[in-house]
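1. Sequence and predicted structure, then a few things I'm wondering about:
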Amino acid sequence: MSTEGGKKPKAVSVSDTAFDVAYNESLIHQIVIAYQAGGRQGTRAQKNRSAVRGGGGKPWRQKGTGRARSGTIRSPIFRGGGRAFPASTSDFSHKVNRKMYRAAMRSILSELNRQNRLLVVDGLTMSEPKTRALAEILKPFDAKRSLIVLPERDRNVELSSRNLPGVSVCLCRDLDPVSLIVHDKVIMTADAVKAVDQALQ
């Protein structure tokens, strides 16, 4: 397949350790859960009775008023008081070893290759940002959701893909397991394949 500013695709030699390994579903599941958990902010916070401003003095004496005893007007039972069980900041990140992460990425790429969802083009360059031109390039791939992986940033390709629904562009160094899984086709340039192959060794 020829692309604008590109050449006919040719064979790309890669190692079997990155694109031809067994599918490890449990490992991939673990890595995906850890990746998604790492994206959670965990910044929610509410105040308990000690964090709410005011309420330093005892509102009324302990005995003799006929009312229930109380030590502060910032108790959760009062209007303006703190929460009884407030939400607090949380760290949802999971520890993932680099060896496990790379093994999961190799397993995902290998499965994409077996399912013919991993496509390689010799080059993908555009002289100017044109959405229609990029749509014509991607049309033969017949994929509603495509991930274009580039070895280095190409502003024209990025701008051309913005208005194409389901099309994403990322650099090979920013490749993540979730992006590989959710897209129907992963389109990589030959240089990007070599860079990913080297990074996963």
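-> Nice, I can see it.

2. how far away is the closest residue in space to residue 50 that isn't next to it in sequence from residue 45?
-> The spatially closest residue to residue 50, leaving aside those adjacent along the chain, is residue 82, at 7.1 Å (C-beta to C-beta, 6 or more residues apart in numbering). From N, CA and C alone the C-beta is placed, and that goes for glycine too. From residue 82 over to residue 45 the distance is 12 Å, taken as C-beta to C-beta, to the nearest Å.

3. who has more neighbours, the two?
-> It is residue 82, of residue 82 and residue 45, that has more neighbours when counted by other C-beta atoms under 10 Å, with 18 against 11.

4. that's a strand at residue 73, yeah?
-> No: counting by DSSP: H, G, I helix; E, B strand; the rest coil, one finds residue 73 to be coil, located in no strand.

5. what helices or strands is the lengthiest helix in the chain leaning on?
-> Using DSSP state H, we find that the single longest helix of the chain is helix 98-114. Packing contacts for helix 98-114, counted by 3 or more C-beta pairs under 8 Å, 6 or more residues apart in numbering; DSSP states H and E, involve helix 16-19, helix 25-38, helix 177-182.

6. What's the mean pLDDT across it?
-> Mean pLDDT, helix 98-114: 94.

7. Please compute how far the following helix or strand past that helix lies from its chain's middle.
-> Using DSSP states H and E, the next helix or strand after helix 98-114 towards the C-terminus is strand 118-121. Chain-centre distance of strand 118-121: 22 Å, with C-alpha atoms, centre = their mean, to the nearest Å.

8. Direction included, what does strand 118-121 pair against?
-> Using DSSP bridges, strand 118-121 pairs in its sheet with strand 185-189 (parallel).

9. Tell me the first helix or strand C-terminal of the partner strand.
-> helix 190-199.

10. Most distant residue from the centre of this protein?
-> Distance from the C-alpha centroid of the chain peaks at residue 64, with 61.7 Å (C-alpha atoms, centre = their mean).
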